[in-house]
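In: quick check, what structure comes out for this input:
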Amino acid sequence: MKKHLYFTGFMASGKSRTGRALADRLGRPLVDTDNVIVERAGKSITEIFEQDGEAAFRKMEHDVIEEIAKSEKPLVVSLGGGALTRPDNLKLISESGTIIRLWAKPEVLSERIGRKNTRPLLANLNDEERLEKIKQMLKEREKNYAHANFSVESSNDCSENHVTERIMHMLKFWENHALDVHPSEGDSYPIFIGKNIVPDAAIMLEGLRLSPTYEFLICTDTTIAKEQSVKLSELRGQAGRCPIFKFQAGEGHKTLHNLNQLYSFMLHRGYTRKSCLLQFSGGVVGDMAGFGAATYQRGIPFVQFPTTLLSMVDSSVGGKVAVNHAEGKNMIGAFYQPKAVVCDISVLSTLPPTEYLAGLAEIVKYGVIYDEDFFTYLENNVEKIKAHDYEVLKHMIFRSCQIKAEVVGIDEKEAGLRAILNYGHTFGHAIEKLTHYELYSHGIAVSLGMRVAARAAVLLGKLSEDDEKRQNALLDTLGFPKYYNVNVDAAWNAMAVDKKAEKGTRVYILPTKIGKVEKVCNIDKGIIANAWKAIQASEVL
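Out: Now for the predicted structure:
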């Protein structure tokens, strides 16, 4: 848990009262920023607004927040209703603590404010005018409140103890909060990494303001439904005993035809735009459910509960959702971000060795493309990786998600930097297509593609042979296959139809050293043909 706990929300949402109750429970001091300002100014908030203006008040408010953020003692802080409207305040707050939003319906807020009628921004208004002004202000400030880590309703029907208990439960779940993804376009969302956290998912859904407002539907596949029946049942219970839709398992079923079955299921059961999909499976269902959420009634929320190592570190993060076409993989899709990603490491206990290995391929990829120190960490922990050591697994998932989040934060829609995530994929997708997606899983195909890409880089003089050997040695030690005898001409044609291709060009992501890659276009066919020899069985290593 971060150091401070900050309460935000509209005026009269109960920040001071609830903050005091939580501070008592945790044995922490409570600081109310408005009270500090009043004490320092020697006059009321209303007087500050009337005599000095709102700008002067906001300056005093910022100074107080800056002091709190630097405090070494963990505090519970009640923020003023407009504290998050300033970006510099938001930066200080988010970096030094967890933000808790208290909310109530506009009618409840209006009734509370009307009791004293002393709020400067809402003074001297009748009931109808005050309610309309509150609705307008809430709409204007929603983008600021959206930065809260989680939300709790403070209604007149809930006692102070009840609200405090909900917050305590949410703080417990948020101990698994690893990082946030901040896409270059759109809202941020949290990633949770922990062990056996699916059974507590209800509190997360409430904290994200999905429950009880939204109707849920779980999407999974026929294999996961059998192998993870207990966890699936737990998730269903957390989502109010909602229905479960099962796709046929396997890459070959990742089609518009099968996705249409999901649409029909939802339409026949009356699912509306106030619906939320909970994806509990690997990357195939994650892509399909995500694309389904992006397109059902023009977009509904979804939450990723990845059940494979590969989907935890790759497909569940970043918002690329799609289905395959006969002409190529992931050709029909969208960029559509989830509301959250929940990586429950305990679900990996039933993962077959080949699927575990498939996830490791993407993890190795992150080291090659972005972080040599992480690559070295993998080299130094091979035996623990093979043994599924929990702490090593947790760190690998965290750092992989962190790298992808950093890349997506700069380039959500693959206009530039995000292309580096495709290292090994151009060649790997060709292998998948030539083998009809049946011989290798996606991750294994990517591992072979990384070998080919590294060889192409060596042939072009961009990568040293020592770095190529270093990459391949790690892949070998982890147990990845070394060979696939590809038909070079067929592979060349297969790579012509690739979602990463640009008009009139063929795009390749090639390493220049461990930890760095670059985009290279239109490499000579002869060099690519020679690069494929890196995985030919006759190749002498």
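
In: all contacts plus neighbour counts: C-alpha atoms, from now on.
Out: OK.

In: centre of the chain versus the strand or helix carrying Thr295, how much separation?
Out: Secondary structure from DSSP states H and E places Thr295 in helix 283-295. When C-alpha coordinates are averaged (C-alpha atoms, centre = their mean, to the nearest Å), helix 283-295 and its chain have centres 14 Å apart.

In: do stretch 156-171 as well
Out: Relative to the chain's own centre, stretch 156-171 is displaced by 26 Å; criterion: C-alpha atoms, centre = their mean.

In: swap in stretch 137-157?
Out: 21 Å.

In: quick one: the strands in the stretch 1-150 of the chain?
Out: With DSSP state E, counting those that start in this stretch as the criterion, the stretch 1-150 of the chain has strands at 4-8, 30-32, 76-78, 97-103, 150-153.

In: contacts for the one helix or strand Thr376 maps to?
Out: Thr376 belongs to helix 372-380 when elements are defined using DSSP H and E. With C-alpha atoms under 8 Å, 6 or more residues apart in numbering as the contact definition, helix 372-380 has outside contacts at 364, 366-368, 385, 399, 474, 514-515.

In: now do the helix holding Thr295: which elements does it pack against?
Out: Counting contacts by 3 or more C-alpha pairs under 8 Å, 6 or more residues apart in numbering; DSSP states H and E, helix 283-295 packs against strand 215-221, helix 256-268, strand 275-281, strand 302-306, strand 320-325, strand 328-335.

In: so can I have JSON lines of the ones you listed showing distance to Ser159?
Out: Formatted as JSON lines, the helices and strands packed on helix 283-295 follow (distance: least, C-alpha to C-alpha, whole Å):
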{"stretch": "strand 215-221", "distance to Ser159": "26"}
{"stretch": "helix 256-268", "distance to Ser159": "37"}
{"stretch": "strand 275-281", "distance to Ser159": "29"}
{"stretch": "strand 302-306", "distance to Ser159": "30"}
{"stretch": "strand 320-325", "distance to Ser159": "42"}
{"stretch": "strand 328-335", "distance to Ser159": "41"}
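
In: of the ones you listed, which approaches Ser96 most closely?
Out: With C-alpha to C-alpha, the closest approach to Ser96 among the helices and strands packed on helix 283-295 belongs to strand 302-306: 26.5 Å.

In: out of the contacts of helix 372-380, which is most surrounded?
Out: Note: the member of the contacts of helix 372-380 with the most neighbours is Tyr366, at 29 neighbours, neighbours being other C-alpha atoms under 10 Å.

In: quick one, what contacts the closest residue to that one other than its chain neighbours?
Out: For Tyr366, ignoring the flanking residues on the chain, the nearest one in space by C-alpha to C-alpha, 6 or more residues apart in numbering is Ser400 at 6.3 Å. With contacts taken as C-alpha under 8 Å, 6+ apart, Ser400 has the following neighbours: 313-314, 363, 366.

In: go on, Ala55?
Out: The neighbours of Ala55, taking C-alpha under 8 Å, 6+ apart as the test, come to nothing; the list is empty.

In: switch the cut-off to 10 Å
Out: With C-alpha atoms under 10 Å, 6 or more residues apart in numbering as the criterion, the residues that contact Ala55 are 48-49, 61.

In: looking at these, which is nearest Gln136?
Out: Using C-alpha to C-alpha, Phe49 is the member of those that lies nearest Gln136, at 20.0 Å.

In: is it correct that Ser464 is in contact with Ala454?
Out: Yes - counting by C-alpha atoms under 10 Å, Ala454 is a contact partner of Ser464 at 9.2 Å.

In: joint contacts of those two?
Out: 511-513.

In: and the helix or strand of the chain with the lowest mean pLDDT, how far out from the chain's middle?
Out: Least confident helix or strand of the chain, by mean pLDDT, DSSP states H and E, is strand 328-335 with a mean of 86. Remark: strand 328-335 is offset 19 Å from the chain centroid, using C-alpha atoms, centre = their mean.

In: give me the below-cutoff pLDDT ranges for the stretch 301-450 of the chain.
Out: Confidence mapping of the stretch 301-450 of the chain against pLDDT under 70 gives the ranges 411-416.

In: show me where it has its helices.
Out: For the stretch 301-450 of the chain, the helices defined by DSSP state H, counting those that start in this stretch occupy 309-310, 353-370, 372-380, 382-386, 390-410, 425-434, 442-459.

In: looking at these, which is closest to His162?
Out: With distances scored as C-alpha to C-alpha, the stretch of the helices of the stretch 301-450 of the chain nearest to His162 is helix 390-410 (33.2 Å).

In: quick one: contacts of stretch 385-397?
Out: For stretch 385-397, contacts defined as C-alpha under 10 Å, 6+ apart pick out 178, 193-195, 309-310, 312-314, 343-346, 348-349, 353, 356-357, 359-360, 363-364, 366, 374, 377-379, 381-384, 398, 400-402, 477-479.

In: out of these, which are buried?
Out: Buried members of these, scored by 16 or more other C-alpha atoms under 10 Å, are 178, 193-194, 309-310, 312-314, 343-345, 348, 356-357, 359-360, 363-364, 366, 374, 378-379, 398, 400-402, 478.

In: excluding its backbone neighbours, what's nearest Ala293?
Out: The spatially closest residue to Ala293, leaving aside those adjacent along the chain, is Ile300, at 5.1 Å (C-alpha to C-alpha, 6+ apart).

In: hang on, the earlier thing: out of the helices of the stretch 301-450 of the chain, nearest to Tyr214?
Out: helix 390-410 (26.9 Å).

In: ok, Asn381 - contacts?
Out: By C-alpha under 10 Å, 6+ apart, the contact list for Asn381 reads 387, 389, 392.

In: any low-confidence regions in this protein?
Out: 1-2, 118, 411-416, 497-504, 538-541.

In: most tightly surrounded among the strands of the stretch 1-150 of the chain?
Out: strand 76-78 (a mean of 27; mean count of other C-alpha atoms under 10 Å).

In: circling back: how near is the residue nearest to Ala293 to Leu256?
Out: With distances taken as C-alpha to C-alpha, to the nearest Å, Ile300 is found 18 Å from Leu256.

In: the more surrounded of those two?
Out: Shown here are Ile300 and Leu256; by other C-alpha under 10 Å, Ile300 has more neighbours (20 against 17).

In: right, and Thr477 touches Glu383 too?
Out: Yes - applying C-alpha under 10 Å, one finds Thr477 in contact with Glu383, separated by 9.2 Å.

In: what number of residues lie near Arg241?
Out: Neighbouring residues of Arg241 were enumerated by other C-alpha under 10 Å; the total is 14.

In: pretty sure it is in a helix, no?
Out: No - Arg241 is assigned coil when assessed by DSSP: H, G, I helix; E, B strand; the rest coil, not a helix.

In: so who does it touch?
Out: Here Arg241 is in contact with 216-218, 233-235 (C-alpha under 10 Å, 6+ apart).

In: just the buried residues from these, in ChimeraX please.
Out: The buried subset of those, as determined by 16+ other C-alpha under 10 Å, is captured in ChimeraX by this line:
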select :216,217,218,234,235
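
In: dump the strands of the stretch 1-150 of the chain to a markdown table, plus distance to His182.
Out: Supplementary listing: the strands of the stretch 1-150 of the chain in a markdown table, determined by distance: least, C-alpha to C-alpha, whole Å:
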| stretch | distance to His182 |
| --- | --- |
| strand 4-8 | 20 |
| strand 30-32 | 29 |
| strand 76-78 | 25 |
| strand 97-103 | 16 |
| strand 150-153 | 16 |
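
In: please name the nearest non-neighbouring residue to Lys135.
Out: Using C-alpha to C-alpha, 6+ apart, the nearest residue to Lys135 is Pro106, at 6.3 Å.

In: okay, now Tyr296: neighbour count?
Out: Residues within reach of Tyr296, counting by other C-alpha under 10 Å, total 19.

In: is it true that it touches Thr272?
Out: Yes - counting by C-alpha under 10 Å, Tyr296 touches Thr272, with 8.8 Å between them.

In: list residues touching both of these two?
Out: In terms of C-alpha under 10 Å, 6+ apart, Tyr296 and Thr272 are both contacted by the residues Met266.

In: top of the contacts of Asn381 by neighbour count?
Out: For these, neighbours were counted using other C-alpha under 10 Å, and Val392 has the most, 17 neighbours in all.
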